[in-house]
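Participant: no sequence on hand, only this structure:
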């Protein structure tokens, strides 16, 4: 069965009009599927036309047949994606000098023309499959992934004393399913704890030996924080603190997180 190309009409609209002939040629038959006798005649006629167009001296029939036969074998064996009318495009562009210097029409020059043509940006673009949007996960898949993150966060807490990088995603999940429901005052309290923790971290970092560039960066972060900045950073810390406390309370109560979720 012949390999079918994608109907990449979106890509066709984005390539130069001069290259629209490539889009049309791509609807033709694969050279590898064309019977040898017919493929021979297609290539022979194209080469003969090339000789006439380039105003080369007359070529002997025997020489033309040898060039045609070798070129046909090369096209069929090495360039399996080439379509029948694409050989003509490659040959004519090669003769016009699009693919660099060459010395007459020969099996070597024909194969080089085809090789260069197959690398044409427009040709490559038209033969790429159209981009497909990734399928959106189902609500159940999202829930199961969030649950797995929460269980991993509990393991991290038991191992290191904090959920660390799991803080934000687990907090949002717990809040969404009603396991965490903080009052405004509780949120303010965690925010204050986050500010104290972050300020302590920055001041400690500045006090330890650091290279000059790192010290300057930490000082800029501290200055920004002291002027009311680093709000996003404080949100991350406050959510992590809330999840830490919630999971610790479950552990103390002997509750099963897996069952609760």
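Facilitator: It's in. In this text the structure is predicted, and so the values were computed from the model without any measurement.
Participant: please work out which residues outside stretch 230-247 touch it.
Facilitator: 153-154, 157, 162-164, 166-168, 170-172, 174, 179-180, 182, 186-187, 190-191, 193-195, 197-198, 221, 224-225, 257 (CB atoms under 8 Å, 6 or more residues apart in numbering). Placement of C-beta: from N, CA and C, glycine included.
Participant: how about stretch 39-54?
Facilitator: By CB under 8 Å, 6+ apart, the list of residues contacting stretch 39-54 reads 31, 34, 58-59, 64-65, 67-69, 71-72, 75-76, 84, 87-88, 91-92, 95, 105, 110.
Participant: what sits closest to residue 164 if chain neighbours are left out?
Facilitator: Spatial nearest neighbour of residue 164, chain neighbours left out: residue 156 (5.7 Å); criterion: CB to CB, 6 or more residues apart in numbering.
Participant: what residues are up against the one you found?
Facilitator: Contacts of residue 156 by CB under 8 Å, 6+ apart are 162, 163, 164, 166.
Participant: need the buried ones from those residues selected in ChimeraX.
Facilitator: Filtering the contacts of residue 156 down to the buried ones (16 or more other CB atoms under 10 Å) takes a single ChimeraX command:
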select :162,163,166
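Participant: out of the contacts of residue 156, who's nearest residue 138?
Facilitator: Of all the contacts of residue 156, residue 166 has the smallest distance to residue 138: 22.5 Å, by CB to CB.
Participant: skipping adjacent residues, who's closest to the closest one in space?
Facilitator: Per CB to CB, 6+ apart, closest to residue 166 is residue 153, 3.6 Å.
Participant: so which bits of stretch 135-142 are buried?
Facilitator: So for stretch 135-142, nothing qualifies as buried (16+ other CB under 10 Å).
Participant: what's the span of it, first residue to last?
Facilitator: Start-to-end span of stretch 135-142 (CA to CA, to the nearest Å) is 13 Å.
Participant: now do that stretch, average pLDDT.
Facilitator: Mean pLDDT, stretch 135-142: 88.
Participant: and what of stretch 123-132?
Facilitator: Mean predicted confidence for stretch 123-132 is 80.
Participant: with stretch 30-43 instead?
Facilitator: Per-residue scores along stretch 30-43 average to 92.
Participant: gap between it and the chain center?
Facilitator: Relative to the centre of its chain, stretch 30-43 is centred 37 Å away, using CA atoms, centre = their mean, to the nearest Å.
Participant: how long is it end to end?
Facilitator: Termini of stretch 30-43 sit 13 Å apart (CA to CA).
Participant: would you mark the buried spots in that stretch?
Facilitator: 30, 31, 32, 34, 39, 40, 42, 43.
Participant: got these as a markdown table, with distance to residue 203 and secondary structure columns?
Facilitator: Formatted as a markdown table, those follow (distance: CB to CB, whole Å; DSSP: H, G, I helix; E, B strand; the rest coil):
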| residue | distance to residue 203 | secondary structure |
| --- | --- | --- |
| 30 | 70 | strand |
| 31 | 72 | helix |
| 32 | 71 | helix |
| 34 | 77 | coil |
| 39 | 78 | helix |
| 40 | 82 | helix |
| 42 | 79 | helix |
| 43 | 78 | helix |
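Participant: about what we covered before: restricted to helices, list the contacts of stretch 39-54.
Facilitator: Among those, the ones falling in helices (DSSP state H) are 64-65, 67-69, 71-72, 75-76, 84, 87-88, 91-92, 95, 110.
Participant: perfect, that will be all.
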